[in-house]
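*Asks:* Need a 3D model of the sequence below.
(2 chains)
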Amino acid sequence: MADILMTGLVSCRNSDDPDEYIFKDRKNKFTTYGMQTIPCNLNILYTYGGGAVTASIGLCSYNSTWNMYMGTNTNTGTTSGMTALTSPIGTTPGTVPSSKSVATLDGTSTGIWACTWTAIWNTGVISGNVGEMALYLIYDATTTSGGWYYSNGVNGTTQTTPGMYSRLCNADGDFSTFAIDTTKPVIVDWKIQLTYA
Amino acid sequence: MTNNSDLKIGGRVTVRQGDDILVDNVENHIVNQGLKGIISMLCGSYDSCTSLNQYSYSNRYYATINCGTDTTHRTTYSTTDLSAKIATAPNAFSSLSPNAIITSKWVMQYIAIWNPGVITSQVGEIGLYNGNYTNITPGWTSANTSYAASLFSRISASDSDFVAFTPVSTQSLVITWEIGVAA
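*Replies:* Numbering: from 1, shown residues only, chains lettered A, B, ... in the order given. Below you'll find the predicted structure:
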């Protein structure tokens, strides 16, 4: 065992049937936000209740502000520096899911750890031909030598902005485009998994 | 287009005394506590301090490097500490900013220095410690919680990462440990 593999696996349904997938476990591509957040989070020193009494550092799933969006683009591949879907469905950054949840997999006994974000768009909430989709998590881009901390003069939280952490797209051959059946919900499970290589 | 489908989270370790390179850029072994800390960052909501003039310490605050004497225990993902830790902390410990070496590789670098003669016993294992988060309940929050140092990754003679060595007493022992995320 040496390196750890970090893989994003995306599954999508457009059905009430929990076993009926449009695609399952397709590998996403991580953007710069997805790559830099882990070392930048490792660089956190502390929070300090200074002039006021609350100082918080937001993590990737801060206050349920993480999100998923879908888009229609079919000809633009994912690049490291990409920060948004190319042609989001709905007003930028996209149509928000109707409900969201997070689950984790404890790898204590197996060495396989995972976090899965699930988004559900209720029937008729989203429509169009899907060619791209993205996971937005709170990212950390603080690159201070020796670590960084948060001490606020007033109550507050830093690190609260979601950014495009990873993307899945037709242009990269990740999945075939599909037209949303608006008579059924759309459900996406986005799993980031850590395994020993 | 990049191919950032599978990212590799890894670590590289180099040990020097003067001009001698005792351990040359070997791969470390990240253990479960490190992986749990990363999953905790992904699923967590926030880490906070809600009391006036109080600190909540985590991650980098507790980061350090320790040596150990063990030469018989291999690293497994359930390894939680060095087998025979030498308690002596580095005389100096620092870290460089997380940095993009290239667009598809981000690296955090830690540097530990022991003054000449401070570590005199044989070194057969070396560990990187971090104030790893420990909660993997989705949306977890913590208030006024300081996390303890725990082993993040290890290299060892028993894993054939390097040949056990005894530092000479006339030169500083310098360990450089890089943790990187790369495509």
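
*Asks:* what's the residue closest to the geometric middle of chain B?
*Replies:* B:Leu128 (2.4 Å; CA atoms, centre = their mean).

*Asks:* how much space between it and B:Met108?
*Replies:* From B:Leu128 across to B:Met108, the span is 10 Å (CB to CB, to the nearest Å). Backbone N, C-alpha and C define where each C-beta goes, glycine included.

*Asks:* For these two, list the residues in contact with both.
*Replies:* B:Ile179 (CB atoms under 8 Å, 6 or more residues apart in numbering or on different chains).

*Asks:* Output the helix or strand bottoming out on mean pLDDT in chain B as PDB - backbone C-alpha positions only.
*Replies:* Here the helix or strand of chain B ranked lowest by mean pLDDT, DSSP states H and E is strand B:92-102, holding a mean of 87. The C-alpha trace of strand B:92-102 is given here as PDB (Å, rounded to 0.1, in the frame of the first residue of the first chain):
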ATOM      1  CA  ALA B  92      12.200  23.000  14.400                       C
ATOM      2  CA  PHE B  93       9.100  22.200  12.400                       C
ATOM      3  CA  SER B  94       7.600  24.200   9.600                       C
ATOM      4  CA  SER B  95       5.400  23.800   6.500                       C
ATOM      5  CA  LEU B  96       5.300  25.400   3.200                       C
ATOM      6  CA  SER B  97       2.100  26.700   1.600                       C
ATOM      7  CA  PRO B  98       0.000  24.200  -0.300                       C
ATOM      8  CA  ASN B  99       1.200  24.800  -3.800                       C
ATOM      9  CA  ALA B 100       0.500  23.800  -7.400                       C
ATOM     10  CA  ILE B 101       3.700  22.200  -8.600                       C
ATOM     11  CA  ILE B 102       1.900  21.800 -11.900                       C
END
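
*Asks:* mind listing what residue 176 touches?
*Replies:* If you meant another chain, say so; for now it's chain A. A:Phe23, A:Asn170.

*Asks:* ah, I was thinking of chain B
*Replies:* B:Thr176 sits in contact with B:Val13, B:Thr14, B:Val15, B:Arg16, B:Gln109, B:Tyr110, B:Ile111, where contact means CB under 8 Å, 6+ apart.

*Asks:* Wait, the last one touches B:Ser172, no?
*Replies:* No: checked against CB atoms under 8 Å, the pair B:Ile111 and B:Ser172 is beyond contact range at 11.3 Å.

*Asks:* Next one: A:Ser15 from chain B, what distance?
*Replies:* According to CB to the nearest CB, to the nearest Å, A:Ser15 and chain B sit 25 Å apart.

*Asks:* Can you tell me the closest non-neighbouring residue to that residue?
*Replies:* Among residues not flanking A:Ser15 along the chain, A:Lys184 sits closest, at 5.4 Å (CB to CB, 6 or more residues apart in numbering or on different chains).

*Asks:* How about the contacts made by that neighbour?
*Replies:* A:Lys184 touches A:Asn14, A:Ser15, A:Asp16, A:Thr123, counting by CB under 8 Å, 6+ apart.

*Asks:* wait, is A:Asn41 part of a helix?
*Replies:* Yes: counting by DSSP: H, G, I helix; E, B strand; the rest coil, A:Asn41 is part of a helix.

*Asks:* How many neighbouring residues does the residue lying closest to A:Thr65 once chain neighbours are set aside have?
*Replies:* Closest residue in space to A:Thr65, ignoring its immediate chain neighbours: A:Pro162 at 5.6 Å, by CB to CB, 6+ apart. Residues contacting A:Pro162 under the criterion other CB atoms under 10 Å in any protein chain shown number 19.

*Asks:* The closest residue to B:Gln122 other than its chain neighbours and chain A: what is the separation?
*Replies:* Leaving out its chain neighbours, the residue that sits closest to B:Gln122 by CB to CB, 6+ apart is B:Thr166, at 4.7 Å. B:Thr166 sits 26 Å away from chain A, going by CB to the nearest CB.

*Asks:* what about B:Thr166, how many neighbours?
*Replies:* Residues near B:Thr166, counting by other CB under 10 Å: 13.

*Asks:* Grab the most central residue of chain A for me.
*Replies:* Nearest to chain A centroid, counting by CA atoms, centre = their mean: A:Leu135, 2.9 Å.

*Asks:* Right, I'll call it a day here.
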